[in-house]
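Student: After the sequence you'll find the predicted model.
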Amino acid sequence: MQNLLENLNSEQLAAVTLPDQSALILAGAGSGKTRVLTTRIAWLIQTGNLTPGGVLAVTFTNKAAREMLTRISAMLPISTRGMWVGTFHGLCNRFLRAHHRDAGLPQLFQILDSQDQQAAIKRLLKALNVDEEPREAQYFINAAKEEGKRAKDVEIGDEITRRKAEIYAAYDEQCQREGVVDFAELLLRTYEVLSRNEVLREHYRARFHHILVDEFQDTNRLQYRWLKLLAGPKNVMFAVGDDDQSIYRFRGANVGNMAEFERDFRVENVIRLEQNYRSQGNILSAANALIAHNKKRLGKNLWTSAGSGEPVRIYEAQSDAYEASWLTEEVQSLKRSGLRLAEIGVLYRSNAQSRIIEHALFSAGMPYRVYGGLRYFERMEIKHALAYLRLAANPDDDGAFLRVANFPARGIGARSLEALQDAAKAGGASLYKAASGLSGKAGASVAAFVRIVDSLKAETQQLPLPETVEVMLERSGLLAFYKAERDGADRVENLNELVNAAAAFINEAEEHDLSAFLAHASLESGENQAAEGTDALQLMTVHSAKGLEFSAVFATGLEEGLFPHEQSALEDDGLEEERRLMYVAITRARTRLYLCHAQTRMLHGQTRYNVASRFIDEIPQEVVKRLTPPMRSVAERGRFDDQAWAPAPEKAFKAKTAGHGFRIGQAVQHPKFGQGVIVNAEGSGTDARLQINFGKQGMKWLALEYAKLTAGS
DNA sequence: TAATTAGCAATTTTT
DNA sequence: TTGCTAATTA
């Protein structure tokens, strides 16, 4: 026991050893949050307060769940089998498999990931013959479900909402008919079962005496209600989170849950973990000063016992290309000084920004790895393979049927499928069932496909999972198809990898059947990119960097309009969320932090002229060091062009002037809006209008004749 | 049925 | 500018 609690600081210790009452732990970045969470579980068990089976611990990612289990196993000589540790979705899946009857689901229900859901919605809209944006409908449905609302519960304010609610109702019917559930449905269905079934509810309430939640600031309304329902009046909730790192509001995360939790659970103990074990002093000062600009906070200040360390470096580049090539050189010099590339993170606000950075890195022969984009189980060929497996498990899965009926091509065209869909609709049956009634030429090719599905189902019934996958790859013709393709080598490799994935799954998971594997594939989208053995620079968005840390961090593209993103200005509370995002970026760094911005940037095929992000100004001067002379205008820039800090220009900067003395890129002063940069110009003479980026004041079109503009400093 | 082309829009994305 | 979808053509 002494061992467990060794080396905890006093706040961590207090959190770990809290008495049996609900608590909120405000855990700052790098404050040992996971350690507290896992030690708390281990301590409860070791002191006899709790049996492993009484633990319910919820995370947002599979990675975090695995990490938690590993750490608990390392601390205690017990099996973690009986614990419920997992993601909200994973745990709900487990619950619904166990109680599928009560939930009104088939035993082998399938899980739709976002991609599958979108496809299902598209199919539905087509069948209903309504003209609606699938994305819109998907957003509407998920938002409603996350509010805990069924179609009938949606408040109908106007015609548009009424239409969407109708689509929602039809979508739910379709899912029910096909035996599939989407991500939000996993949660909502579980919530509904627990609400109406008192026996089950009491059973789980009696079982999970302690409920622990990680990343609590990211919970949505439904997840919070789910937790509340499960906790009941007696159980103990231990919620760990950081309101300053709440960056997923656009996905439904509701920071307000933290305050609500304090009230609902009459939390007496709000413990703040403010000692940071990651970053050096100046970096933390920058983070603290920045986030202090936010009004809606629970309040927290990070500190460290490490020294102040290096200053925060600010680099101003002439263009996005300069930024990228400077970054490349800087990384090279860091590498020479002994830093591993994997210890360096390059962060940006949006994925589009990676392109130019990649270009520079690639030209310099610098190994890098980009996170984000397609993941293993999201790849097209894997989706196809999974569709065959889904049909083997449940032939009535229309989504899977449509996906692969004619892939590889076997003469089932759009017309055949339409005929089939009509027949299915008329008979109220699945496509698979309707297929036997089809006659003529179309009937023959469809029948051939049905035979493939049937033989797959029959042959794999008794086979172990990896062999099932192998048989499927052969029988479906997928392997043969990609082998014949010119550039199919990667896809063939990915498909073969699926056999390994199945083998790995039966080694690790408790259940070995096909539908468990399919659920796994839906819930765990897999690695972001095949891990390379080589040491590589890490490129990612700030969002995907959350939870990670690097010795050195480059935060790039810190410009008004980009970061904070211009779209955020339209959203309520948008700027504060952008600032939290910046806070996340800063707190990823251990010893060295670079903040970079460029004066011009190619965006959507046009050169944009940007001023530095306000977030840079919100960092105290005492902790920063400017690597470039503070430059105010493009006009002045020439003087610095040949200085050592500037890499060789790739191409001359283009600026146009319309005969009135002002030119694009020039800094100007306006009596009301202050300093800005001319971004665009139109007309000439008395018609001349200038578009000026005033940073905080926004982008404005001003008539030259009336605007009292003077050249800026 | 497949392949080409025009048009369009363009944050962030744990499951 | 890019990458995706929808419409058009061989």
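Tutor: Sure, I can see it.

Student: Rounded mean pLDDT for the longest strand seen in chain A, please.
Tutor: In chain A, assigned by DSSP state E, the strand with the most residues is strand A:589-603. Per-residue pLDDT values over strand A:589-603 give a mean of 96.

Student: Sheet-wise, list the partners of that strand with their directions.
Tutor: Strand A:589-603 has the following sheet partners, assigned by DSSP bridges: strand A:312-319 (parallel), strand A:550-555 (parallel), strand A:606-609 (antiparallel).

Student: Now do the buried residues in the last one.
Tutor: Counting neighbours by 16 or more other C-beta atoms under 10 Å, one finds that the buried residues in strand A:606-609 are A:607-609. Quick note: C-beta positions are derived from backbone N, CA and C, even for glycine.

Student: which of those residues are close to DNA strand B?
Tutor: Among those, no residue is within reach of DNA strand B (C-beta under 7 Å from any atom of the strand).

Student: and of these, the nearest to residue A:389?
Tutor: Closest approach between the buried residues of strand A:606-609 and residue A:389, by C-beta to C-beta: residue A:608, at 46.8 Å.

Student: How about the residue in chain A that DNA strand B sits nearest to, nearest residue that isn't a chain neighbour?
Tutor: Residue of chain A nearest DNA strand B, by C-beta to the nearest atom of the strand: residue A:413 (1.4 Å). Leaving aside its sequence neighbours, residue A:413 sits nearest to residue A:406 (C-beta to C-beta, 6 or more residues apart in numbering; 7.0 Å).

Student: if we can go back for a sec, wait, does the longest strand of chain A make contact with DNA strand B?
Tutor: No: applying C-beta under 7 Å from any atom of the strand, one finds strand A:589-603 separated from DNA strand B by no less than 8.1 Å.

Student: one step back: for the buried residues of strand A:606-609, give me TSV that also has pLDDT and distance to residue A:577.
Tutor: Formatted as TSV, these follow (pLDDT from 0 to 100; distance: C-beta to C-beta, whole Å):
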residue	pLDDT	distance to residue A:577
A:607	92	28
A:608	92	22
A:609	93	25
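
Student: between those residues, which is closest to DNA strand C?
Tutor: residue A:607 (10.0 Å).

Student: May I ask you to confirm that the closest one is in contact with residue A:598?
Tutor: No: Residue A:607 is beyond contact range of residue A:598, at 10.7 Å (criterion: C-beta atoms under 8 Å).

Student: What secondary structure category should be reported for residue A:148?
Tutor: When classified by DSSP: H, G, I helix; E, B strand; the rest coil, residue A:148 comes out as coil.

Student: okay, now the one residue in the stretch 601-713 of chain A that gets nearest to DNA strand C: neighbour count?
Tutor: Closest contact between the stretch 601-713 of chain A and DNA strand C, by C-beta to the nearest atom of the strand, is at residue A:605 (2.4 Å). Applying other C-beta atoms under 10 Å, we find 5 residues neighbouring residue A:605.

Student: show me the contacts for it.
Tutor: If you count contacts by C-beta atoms under 8 Å, 6 or more residues apart in numbering, residue A:605 has none.

Student: Can you tell me how far it is from residue A:87?
Tutor: Residue A:605 sits 40 Å away from residue A:87, taking C-beta to C-beta, to the nearest Å as the criterion.

Student: What of residue A:235?
Tutor: For residue A:235, the distance to residue A:87 (C-beta to C-beta) stands at 20 Å.

Student: next one: residue A:616
Tutor: Separation of residue A:616 from residue A:87 (C-beta to C-beta) stands at 36 Å.

Student: same thing with residue A:335?
Tutor: In terms of C-beta to C-beta, residue A:335 sits 36 Å off from residue A:87.

Student: So if I had to pick from those two, which one is more boxed in?
Tutor: Ranked by neighbour count (other C-beta under 10 Å), residue A:335 and residue A:87 place residue A:87 first, with 20 against 17.

Student: Residues in contact with the one helix or strand residue A:496 maps to: which ones?
Tutor: Using DSSP states H and E, residue A:496 falls within helix A:489-508. Helix A:489-508 has contacts (C-beta under 8 Å, 6+ apart) with A:376, A:379-382, A:385, A:464-466, A:468-470, A:473, A:478-479, A:482-483, A:485, A:512, A:516-517, A:520-521.

Student: List the buried residues of it.
Tutor: Residues of helix A:489-508 classed as buried by neighbour count (16+ other C-beta under 10 Å): A:491-492, A:494-495, A:497-499, A:501-502, A:505-506.

Student: related to what we said a few turns ago, rank the strands paired with strand A:589-603 by pLDDT, which is bottom?
Tutor: Across the strands paired with strand A:589-603, strand A:606-609 gives the lowest mean pLDDT, at a mean of 92.

Student: Output it in CSV with nothing but the alpha carbons.
Tutor: What follows is strand A:606-609 as a C-alpha-only set of coordinates in CSV (Å, rounded to 0.1, in the frame of the first residue of the first chain):
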residue,chain,number,x,y,z
GLN,A,606,-5.4,32.5,-53.3
THR,A,607,-2.7,34.3,-51.4
ARG,A,608,-4.0,35.6,-48.1
TYR,A,609,-2.3,38.3,-46.1
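
Student: what secondary structure does the residue nearest to residue A:311 when sequence neighbours are not counted sit in?
Tutor: Nearest residue to residue A:311 in three dimensions, chain neighbours excluded: residue A:625, at 3.9 Å (C-beta to C-beta, 6+ apart). With three-state DSSP as the basis, residue A:625 sits in strand.

Student: what about the nearest residue to residue A:350 once chain neighbours are set aside, how many neighbours?
Tutor: Distance criterion C-beta to C-beta, 6+ apart; nearest residue to residue A:350, sequence neighbours excluded, is residue A:541 at 6.7 Å. Look at residue A:541: counted by other C-beta under 10 Å, it has 19 neighbours.

Student: Likewise for residue A:485?
Tutor: Residue A:485 has 14 neighbours, counted by other C-beta under 10 Å.

Student: Tell me how far it lies from residue A:479.
Tutor: In this view, residue A:485 and residue A:479 are 11 Å apart by C-beta to C-beta.

Student: So which residues on the stretch 201-350 of chain A come close to DNA strand B?
Tutor: Taking C-beta under 7 Å from any atom of the strand as the contact definition, the stretch 201-350 of chain A meets DNA strand B at A:215, A:218, A:247-248, A:250-251, A:253, A:349-350.

Student: about what we covered before: now the buried residues of helix A:489-508 as a markdown table including pLDDT?
Tutor: Formatted as a markdown table, the buried residues of helix A:489-508 follow (pLDDT from 0 to 100):
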| residue | pLDDT |
| --- | --- |
| A:491 | 88 |
| A:492 | 91 |
| A:494 | 90 |
| A:495 | 93 |
| A:497 | 93 |
| A:498 | 95 |
| A:499 | 96 |
| A:501 | 94 |
| A:502 | 95 |
| A:505 | 93 |
| A:506 | 92 |
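
Student: Including distance to residue A:593, could those residues go into TSV?
Tutor: Shown next, in TSV, are those (distance: C-beta to C-beta, whole Å):
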residue	distance to residue A:593
A:491	40
A:492	43
A:494	37
A:495	42
A:497	38
A:498	41
A:499	44
A:501	38
A:502	43
A:505	40
A:506	45
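
Student: which among those are in contact with DNA strand B?
Tutor: Filtered for proximity to DNA strand B (C-beta under 7 Å from any atom of the strand), the buried residues of helix A:489-508 leave an empty set.

Student: Just list whatever residues bridge to residue A:236.
Tutor: Assigned bridge partners for residue A:236, using DSSP bridges, are residue A:210.

Student: I meant to write residue A:317 there.
Tutor: For residue A:317, the beta-bridge partners are residue A:598 (DSSP bridges).

Student: I'd say it and residue A:601 touch.
Tutor: No: contact criterion C-beta under 8 Å: residue A:317 and residue A:601 do not qualify, at 9.5 Å.

Student: out of the two, which sits in the busier spot?
Tutor: Between residue A:317 and residue A:601, residue A:317 has the larger neighbour count (other C-beta under 10 Å), namely 26 against 22.

Student: confidence score at residue A:482?
Tutor: 88.

Student: The one 5 residues further on now?
Tutor: We note a pLDDT of 75 for residue A:487 in this prediction.
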